[in-house]
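Novice: sequence first, predicted coordinates after that:
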Amino acid sequence: MGPGGFYRPSNRSGAKLRLHMMCFGRLWDPVTKYEKSYRSDGSAPPPLPYEFISLAENAIEDAQLHMKLLPSMLPDICVANFYSYGDRLGLHQDCDEHVGGLDRGLPVVSVSIGESAEFLYGHTRDENKLEKVLLESGDVLIFGGKSRRIFHGVRRILPPLDYIGLSQVVKETGLISGRLNLTLKQFQF
Ligand SMILES: O=C(O)CCC(=O)C(=O)O
Ligand SMILES: [Fe+2]
C-alpha cells in the first residue's frame, strides 16, 4: 500500500512484526509509541471514523448492562491490524496510553473481522497460565477495569475458511483472506 496505508512495523530489535498495521486518529508505533505525529513515509493517520467511535461506545454500553463497574471510554485512537494466515502477535500489554486512563481502567474495545484467531490473555507472562479464547468474525472483546493491563497476544490465525463459511460482513466488504482487528482506545485523559 502507499503512504499511510497498512505496513509492517518493526520492533526495538529491528525485526518486523508478523502482521500489517495502520492507525486512525493518532499514531502509535511499537518503537516510538505515541511520540510522533507522522510516519516515516511522511503520512499522518486519517481521522478516526465516526462509525468506529459509535461502535466502541455501543459495545461498552452493552457490556455495562452486565458489568456495572466497567468505566466508559471515548476512543481517540484505533490500531488496525491485518493478519494473514501464519501471522501472529506476541504477548504484550497495551499500556502506552495516558496513565490516568490506564489507572482508571478505561476499556479497550477490540473488534474482529474475517478469519478466526486464538487469543491468549491473563495476568501473567507465563504462557502456560494464560486463558485462551477463539475470536471469530464479528466478535467484540472488551478489557478494562482491573484487567486493563492484562497480557495478551494472538497465538495463531486459523486456516482460511471456504467462501461459504465466511460471514456476511466479509463477503460484503470483499476483505481478502485474513483477519482484521480494530483496537479502539482512549489515549488522552
Ligand atoms: O489482534 C488482536 O486481537 C489483538 C491486537 C492487539 O492486541 C493490539 O493491537 O494491541
Ligand atoms: Fe494489544
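Specialist: Alright, I've got the coordinates. Ligands and ions are numbered 1, 2, ... in the order given.
Novice: now residue 178: closest residue in space, sequence neighbours ignored.
Specialist: residue 84 (4.7 Å; C-beta to C-beta, 6 or more residues apart in numbering). All C-beta atoms are positioned from the backbone trio N, CA, C, and that covers glycine.
Novice: pLDDT at the one you found, what is it?
Specialist: Residue 84 is assigned a predicted lDDT (pLDDT) of 94.
Novice: again with residue 173
Specialist: Value listed for residue 173 in the pLDDT field: 76.
Novice: again with residue 161
Specialist: For residue 161, the predicted pLDDT is 69.
Novice: need the helix or strand of this structure with the lowest average pLDDT.
Specialist: helix 168-173 (a mean of 70; mean pLDDT, DSSP states H and E).
Novice: how about the residue nearest the centre of the chain, phi and psi?
Specialist: In the chain, the centroid-proximal residue (C-alpha atoms, centre = their mean) is residue 183; its distance is 2.8 Å. Main-chain torsions, residue 183, degrees, to the nearest 10: phi -110, psi 120.
Novice: does it really touch residue 110, like I thought?
Specialist: Yes - because the distance of 5.0 Å satisfies C-beta atoms under 8 Å, residue 183 is recorded as touching residue 110.
Novice: how about the chain: which residue is closest to ligand 1?
Specialist: Ranked by C-beta to the nearest ligand atom, the top residue of the chain for proximity to ligand 1 is residue 181, at 3.3 Å.
Novice: tell me how many other residues surround the nearest residue to that residue once chain neighbours are set aside.
Specialist: Leaving aside its sequence neighbours, residue 181 sits nearest to residue 81 (C-beta to C-beta, 6+ apart; 4.6 Å). Residues near residue 81, counting by other C-beta atoms under 10 Å, number 20.
Novice: which strand residues bridge residue 81?
Specialist: Per DSSP bridges, the residues bridged to residue 81 are residue 21, residue 181.
Novice: quick one, what contacts it?
Specialist: 19-21, 89, 180-181, 183 (C-beta atoms under 8 Å, 6 or more residues apart in numbering).
Novice: of those, which is the most crowded?
Specialist: residue 181 (23 neighbours).
Novice: angles on the backbone of residue 102, please.
Specialist: The phi/psi pair for residue 102 (degrees, to the nearest 10) is phi -60, psi -50.
Novice: again with residue 9
Specialist: phi -70, psi 160.
Novice: now do the contacts for it.
Specialist: Applying C-beta under 8 Å, 6+ apart, the residues contacting residue 9 are 16-17, 21, 29-31.
Novice: ok, and the closest non-adjacent residue to residue 17?
Specialist: Using C-beta to C-beta, 6+ apart and skipping the chain neighbours, the partner closest in space to residue 17 is residue 9 (5.4 Å).
Novice: can you tell me how far the one you found sits from residue 58?
Specialist: 29 Å (C-beta to C-beta, to the nearest Å).
Novice: list the contacts of the longest helix belonging to the chain.
Specialist: As assigned by DSSP state H, the longest helix anywhere in the chain is helix 50-66. For helix 50-66, the external contacting residues (C-beta under 8 Å, 6+ apart) are 24, 70, 72-75, 78, 107, 109, 111, 140, 142, 182, 184.
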